[in-house]
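Q: Pasting a predicted model and its sequence here:
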Amino acid sequence: MRRKMSRAAVGVLVSVAAIGGCADQRPVWKIRADADLAYESKKYEAALADYKTYVDIKPNDPSGQHALGKTYLALNQPKPAREHLQIAYDVVPSNDEYIESYAEALYESKEPESLMTFLTRVASERGTVEDYMRLGRYAGKIGHADEALQALTTAARLDQGRTLAPQLALADFYRSVNDRPNQIRRLRNCLYLAPGDDGVIQRIREVGEIPGPSFMARPEEMPPPPAE
């Protein structure tokens, strides 16, 4: 599905960088390499300066926009991060890393409605397990418990009991709302899928159960817990 770019993205992508009088004589590849090295070394102020220079020269490079946005996030500046990360996403909306980073910027910018609208749209358009996991995770973080449960349940259904992550996310969700029967139900699924996982074993012991073979249960064979 084609999507209209944001005004910010269009404005940046059609702009012409005024670099004629720039005093920085480094080639563009060196500016980017220096920025990447500074970011990896957690020298975020230096990285920011070089990424800004790079983006001024190559505004149509979504990876540069993304890197600049991530640097703003590292400097606890989510508002400018949001702008650049939206541009990166608008240019390459299929990039999972860009989706995750833009969601983080919306969350850190304290824009819960925009965050949920964005993640709900991504999940409905793409329909992947990871998209619904992301939606559920952020819904939980902003206190939308019903939406979180719905999204995580959808992720588990789409996964069809193949991987640990959706079951573990549901177990953690039920723990957060003090629903012990459903927490145990999902932990049984987790142990079946990952019998040697130390984190799963620790969670099972924390609820007072024994992580042995009799505790395991295939996800699709688990009946709902009895009503209390």
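A: Right, received. Where do you want to start? As the structure is a prediction and not an experimental result, all values here were calculated from the model. Numbering: from 1, shown residues only.

Q: Could I get the pLDDT score of the residue minimising distance to the centre of the chain?
A: The residue at the geometric middle of the chain, judged as the C-alpha nearest the mean C-alpha position with CA atoms, centre = their mean, is residue 100 (3.3 Å). As predicted, residue 100 sits at a pLDDT of 98.

Q: isn't it right up against residue 134?
A: Yes: at 6.8 Å, residue 100 and residue 134 qualify as touching, with contact defined as CB atoms under 8 Å. Placement of C-beta: from N, CA and C, glycine included.

Q: Return the residues in contact with the residue nearest to the centre of the chain.
A: Neighbour list for residue 100: residue 134 [criterion: CB atoms under 8 Å, 6 or more residues apart in numbering].

Q: and the gap between it and residue 130?
A: 9 Å (CB to CB, to the nearest Å).

Q: Give the next helix or strand downstream of the lowest-mean-pLDDT helix or strand in the chain.
A: One helix or strand of the chain scores below all others by mean pLDDT, DSSP states H and E: helix 7-13, with a mean of 56. Counting by DSSP states H and E, the next helix or strand C-terminal to helix 7-13 is helix 28-40.

Q: ok now the very next helix or strand once past that next one, how far from the chain's centre?
A: Past helix 28-40, heading to the C-terminal end, the next element that is a helix or strand (DSSP H and E) is helix 44-57. For helix 44-57, the gap between its own C-alpha mean and the chain's C-alpha mean amounts to 24 Å (CA atoms, centre = their mean, to the nearest Å).
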